[in-house]
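Undergrad: Next comes the sequence, and after it the predicted model I'd like to discuss.
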Amino acid sequence: MKISKISFVAVLILLLVNATTTKVGAQDLKGNISISGAFALYPITVKWAEEFKKINPNVKIDIQAGGAGKGITDVLSKVTDIGLVSRDLNAAEYKKGAFAVAVTKDAVIPTISASSPYRKVLYEKGVKKDAFNHIFITGKYKTWNTLGFKSEAPIHVYTRSDASGAAETWAKYFNKKQEDLQGVAVFGDPGLAQAVKRDPSGLGFNNIVYIYDAKTNKPTNGVVPVPIDLNNNGKLDPDENFYDDVDQLIAAIVAGKYPSPPARDLYFVTVGKPKNPIVKEFIKYILTDGQKFVQEAGYIKFSKEKIAKELEKVK
């Protein structure tokens, strides 16, 4: 069978076009992405960016932490391409054009210093939701003896000074807002963790990744979780004690044992549905290959159904 010169050239052109298209789609993304926002999402976003740049070396990704409030403000004012938001968006933000894609999940956990003299008993009794409410919201409980201890030492309560998804979510556990939280206000997740770490009488809250060590999976960063007495029976039952390592805690969140809130989804927010091809590809990467880094970094992996739902948003 003879192949004409014209036919051969046509086939060659088609092969070259196909090869070029494949290369551009997979390898030749070029440009910048600017991101700011929630401390909760910052560590995993840095990891995603590092891995994404390995396969897309011509993409530059700038990431700044500063709290969920900064993330939503920056993206809606078009200072950044993506805002990191660690709380549910409100109607006013959606009205301004906010478009949210959930990328992973974590939880806000109440914390004390690892050197707290109350640690041992707290892990025997837990703390009831109502007691947390009287500490963080009403201010009725001001000393440790209100939690059943003999000590009349004051409870030093810490909260966040920045517009924070963690603070908003912790307040939502009591059907309140961040501004309703009592306590000394400290900037950022790392700052709050340090304040509680240094204060044996301190009580605060943090996102999971600022409590547990990434290498050991144990709460070895100087703060430890305060267990919640979920059934209000005045003691910490075995199925309520899932704080020893991050894997146990994540399993409890997935099973619905740990309440939501303060467990919650974490979002990448853009103005309108993402149109920038680099931003779209980055979000798609996060919801596909990037999910393999989620659990090892101390976050909760989405179900296949949830992933499919979020991917639909960036098609």
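TA: Great, that's in hand. A quick note: this is a predicted structure, and the numbers were derived from the prediction, not measured.

Undergrad: tell me which element the nearest residue to residue 182 once chain neighbours are set aside falls in.
TA: Excluding the flanking residues, the one nearest residue 182 by CB to CB, 6 or more residues apart in numbering is residue 139, at 4.9 Å. (Glycine included, C-beta is placed from N, CA and C.) Secondary structure assignment for residue 139, by DSSP states H and E: no helix or strand.

Undergrad: For residue 122, see how far away residue 139 is.
TA: According to CB to CB, to the nearest Å, residue 139 stands 20 Å off from residue 122.

Undergrad: Please say which of these two ends up with more neighbours.
TA: residue 122 (22 against 11; other CB atoms under 10 Å).

Undergrad: The more buried one and residue 229 touch, don't they?
TA: No - Residue 122 is not in contact with residue 229 according to CB atoms under 8 Å; the separation is 9.7 Å.

Undergrad: rewinding a little: so what pLDDT did the residue nearest to residue 182 get?
TA: pLDDT for residue 139: 97.

Undergrad: Can you tell me how far it is from residue 47?
TA: Residue 139 is 39 Å from residue 47, by CB to CB.

Undergrad: tell me the contacts of the closest residue to residue 278 other than its chain neighbours?
TA: Counting by CB to CB, 6+ apart, residue 278 lies nearest to residue 31, which is 4.8 Å off, once chain neighbours are set aside. Contact analysis of residue 31 by CB atoms under 8 Å, 6 or more residues apart in numbering lists 58, 59, 60, 276, 278.

Undergrad: now swap in residue 82 and tell me
TA: 33, 34, 35, 37, 75, 268, 269, 270, 279.

Undergrad: Identify the farthest-apart pair in these.
TA: Pairwise distances among the contacts of residue 82 were taken by CB to CB; the largest, 14.4 Å, belongs to 37 and 279.

Undergrad: Compare the two (neighbour count), which wins?
TA: residue 37 (32 against 19).

Undergrad: pretty sure the more buried one is in contact with residue 76, am I right?
TA: No - counting by CB under 8 Å, residue 37 stays clear of residue 76, with 11.4 Å between them.

Undergrad: what is in contact with these two at once?
TA: What both residue 37 and residue 76 touch, as defined by CB under 8 Å, 6+ apart, is the set residue 83.

Undergrad: returning to what we had before: which phi and psi values does the residue nearest to residue 278 adopt?
TA: The phi/psi pair for residue 31 (degrees, to the nearest 10) reads phi 140, psi -170.

Undergrad: can you pull up the bridge partners for it?
TA: Applying DSSP bridges to residue 31 gives these bridge partners: residue 59.

Undergrad: per-residue confidence for it?
TA: Taking residue 31 on its own, its pLDDT is 95.

Undergrad: Distance-wise, check it relative to residue 54.
TA: In terms of CB to CB, residue 31 sits 16 Å off from residue 54.

Undergrad: Could you list the domains of this structure?
TA: 31-106+264-314, 107-255 (the TED database).

Undergrad: Any idea how far the last one is from the middle of the chain?
TA: This means domain 107-255. A distance of 17 Å separates the centroid of the chain from that of domain 107-255, by CA atoms, centre = their mean, to the nearest Å.
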